[in-house]
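Engineer: sharing a model prediction with you, sequence too.
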Amino acid sequence: MIAFQQNHYFGKKNEQFCVGIMTRIYLDVCSLCRPFDDQDYMRIRMETDAVNLILVKAKQGFYQLVKSPVTINC
């Protein structure tokens, strides 16, 4: 499961002050484990590519990854 939520943010991005919308994304364990599944199936390979793209974009600052409150105390 992948959940999206858009929130307004105020802050710096690339040394410029920005006002905009930050998309928050929640990836559950099944999504994060998809790259370790059998990649011989087209659907699984496409889902793996999608998860990897989301992770790359989050690292670049386009998205904010969020986690479940259940995992905060782990």
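Structural biologist: Received the coordinates, thanks.
Engineer: low pLDDT regions in this protein?
Structural biologist: Along the chain, segments meeting pLDDT under 70 span 1-21, 70-74.
Engineer: apply 80 and report the result again.
Structural biologist: By pLDDT under 80, the low-scoring segments of the chain are 1-22, 67-74.
Engineer: can you give me the strands for it?
Structural biologist: 2-13, 16-27, 63-66 (DSSP state E).
Engineer: hmm, who's touching the helix ranked longest in the chain?
Structural biologist: Scanning the chain for the helix with the most residues, using DSSP state H, yields helix 42-59. Residues from elsewhere that reach helix 42-59 (CB atoms under 8 Å, 6 or more residues apart in numbering): 2, 25, 27, 31-32, 34-35, 37-39, 63-65. Yep, even glycine has a C-beta here, placed from its N, CA and C like the rest.
Engineer: could I get those residues as a markdown table with distance to R45?
Structural biologist: A markdown table is the format used below for the contacts of helix 42-59 (distance: CB to CB, whole Å):
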| residue | distance to R45 |
| --- | --- |
| I2 | 17 |
| I25 | 20 |
| L27 | 17 |
| S31 | 14 |
| L32 | 16 |
| R34 | 9 |
| P35 | 10 |
| D37 | 9 |
| D38 | 9 |
| Q39 | 5 |
| Y63 | 22 |
| Q64 | 26 |
| L65 | 22 |
